[in-house]
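Enquirer: Predicted coordinates and the sequence they were generated for:
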Amino acid sequence: FEQVQRFLEIQLRNKNTKEYCATVELISNFVKKCLELNLGHLSFNRAIPTLSGGELQRLRLVRIFSSKLNNMLIVLDEPLAGLSAMEKKSVLNNLINLSEKHTLLVVDHSDSLIDKADNIIALGPRSGINGGQIIDAKQYLEEENKWKNTKKRVVSNFQKIEIVADIYEYNGVGIQYIEDGMNILSGKSGVGKSTVLREYLPMFFESYEYINQKYSSANQNSNVATLLGVAEPIFKVFANEFNKSTSFFSNNSSKLGACKCCTGAGSIVENGITLKCDKCRGTGFDISLEKYKINGKSLLDIWNFTLEDAVGYFKGIDEKLASDISVSKKLLLEHLILGQQTSTLSGGENIRTKLFRLNHSTAKVIGIDEPFRGLGKYEIAEICSYLTELTRRKKTIFVVDHETIAFDYFDSHMELKNNKGKLIGIKGE
């Protein structure tokens, strides 16, 4: 974009038609805004999948910030998510300027946005079915500010990672970390933080698992129970009770227990509209399974349980299953419904379902890309508590995130910088 801007300035200085100059000026305004938001290093032919979350976020905002329209209602969902402190400041200044010509409705947890807001609307008191109500904003913010870690561990057993390998435009990495501890990497978006987690760390550690923000690839039958890995154990409970095969009680499309009408999806599509399947009450199970009940409940009933309800139900039936599902409370997922389609999950819920599965992960080292995106201080504290529990089981945690409120929960904070192609970690404040 920096080179493009120089080219456009030359074009504007040349004598051309008014129409030509108007077009060039329109492009120039867009490029100038890209430069203002620290996107000058990008090129027009850069593939979208190669962009970092912060780069993609700011590119989307450029279109809004460079618009010539007035008096609009603009709704922005987490415009500061995935941005470093410097990038947040630039975006925030643009939002303030935008508010002079438009009405802005912004969904965000950022203190900087809250401090600048003319009106604060708080929804709660918790997530999912336990939220959605307008609550006292002042009281909510007071409660949020109570969640701050004050018991940071003092550690000194730093280990070194030194790798020489050409990946994208980088030639290696050199960072320190705490073994069996909590490590967080920050730095401006696009510097290469995700590359360290996704590409370099698997070269260094033999037992490694990487978790990102992307939604799990899922078919139309995918639901919370299958995503969390508890669907099969539930089917086995019924199979053992009634001396049947697991397939008999499974609502997977190719299994015997799937609804014949919707083939296990729980919904049907008519004229482009998705409708709840009446035959199976939206559960995907064959209606014949309704007569197979344990403690008065069939699979069709259980599929409408929240995870919290499921824990209570399976206690006394299958203690291990109940214990596994109870982990959802630590990750603030207890409001999710077992049969809920994964396509309805929020971004925060999506990544926390992935963290749920870490409870049974055999990986010694775990890299997590922006687990705190879209979360408030209370949620961040709870997620950090869960991750800390994993370190007590001799697991090493690496997290990439920009949420400064989370830094105090980590044993090591490194700010990543690009030093002539080598990604190096500088001890963060």
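Expert: Perfect, I can see it now. Residues are numbered from 1 along each chain as shown.

Enquirer: I'd like to know how far the closest residue to residue 411 other than its chain neighbours sits from residue 394.
Expert: Nearest non-adjacent residue to residue 411, counting by C-beta to C-beta, 6 or more residues apart in numbering: residue 181, 4.0 Å away. No exception for glycine: its C-beta is placed from N, CA and C like everyone else's. In this view, residue 181 and residue 394 are 10 Å apart by C-beta to C-beta, to the nearest Å.

Enquirer: ok, the two, which is more surrounded?
Expert: residue 181 (20 against 9; other C-beta atoms under 10 Å).

Enquirer: which residues does the closest residue to residue 427 other than its chain neighbours contact?
Expert: Counting by C-beta to C-beta, 6+ apart, residue 414 is the residue found nearest to residue 427 once chain neighbours are left out, at 6.4 Å. Residues counted as contacts of residue 414 (C-beta atoms under 8 Å, 6 or more residues apart in numbering) are 175-177, 183-186, 425-428.

Enquirer: In helices only, show me those.
Expert: Secondary structure assignment (DSSP state H) places none of the contacts of residue 414 within helices.

Enquirer: Include pLDDT when you put those residues into TSV, please.
Expert: Shown next, in TSV, are the contacts of residue 414 (pLDDT from 0 to 100):
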residue	pLDDT
175	96
176	95
177	95
183	96
184	96
185	96
186	94
425	93
426	91
427	84
428	72
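
Enquirer: could you flag which of the residues you listed are buried?
Expert: 175, 177, 183-186, 425, 428 (16 or more other C-beta atoms under 10 Å).

Enquirer: ok so, going back, and the residue nearest to residue 427, what helix or strand is that in?
Expert: strand 412-419 (DSSP states H and E).

Enquirer: quick one: average pLDDT of that strand?
Expert: Strand 412-419 carries an average pLDDT of 94.

Enquirer: Same check on stretch 281-301?
Expert: 96.

Enquirer: So which bits of that stretch are buried?
Expert: 281-287, 289, 292-294, 298-300.

Enquirer: returning to what we had before: now the strand holding residue 414 - C-alpha only, CSV.
Expert: The C-alpha coordinates for strand 412-419 follow below in CSV (Å, rounded to 0.1, in the frame of the first residue of the first chain):
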residue,chain,number,x,y,z
SER,A,412,6.0,-15.5,31.2
HIS,A,413,5.1,-12.7,28.8
MET,A,414,7.1,-12.2,25.7
GLU,A,415,6.5,-9.4,23.1
LEU,A,416,7.3,-10.8,19.6
LYS,A,417,9.3,-8.7,17.2
ASN,A,418,10.6,-9.2,13.7
ASN,A,419,14.4,-8.8,13.6
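
Enquirer: So for that strand, what gets flagged as buried?
Expert: By neighbour count on 16+ other C-beta under 10 Å, the buried set for strand 412-419 is 412-416.

Enquirer: what lines up beside that strand in the sheet?
Expert: strand 182-186 (parallel), strand 422-427 (antiparallel) (DSSP bridges).

Enquirer: Without its sequence neighbours, what residue ends up closest to residue 171?
Expert: Nearest to residue 171 is residue 421, by C-beta to C-beta, 6+ apart, at 4.2 Å.

Enquirer: How about the contacts made by that neighbour?
Expert: Neighbouring residues of residue 421 by C-beta under 8 Å, 6+ apart: 169-172.

Enquirer: Could you point out which of these is nearest to residue 354?
Expert: Closest to residue 354 out of the contacts of residue 421 is residue 170 (25.8 Å), distances taken as C-beta to C-beta.

Enquirer: how near is residue 249 to residue 222?
Expert: 18 Å.

Enquirer: who's more crowded, the two?
Expert: Between residue 249 and residue 222, counting by other C-beta under 10 Å, residue 249 is the more crowded of the two (25 against 17).

Enquirer: I'd guessed the more buried one sits against residue 257; true?
Expert: Yes. Counting by C-beta atoms under 8 Å, residue 249 touches residue 257, with 4.8 Å between them.

Enquirer: Now for the two: what residues contact both?
Expert: Common neighbours of residue 249 and residue 257 (C-beta under 8 Å, 6+ apart) are 235, 289, 299.
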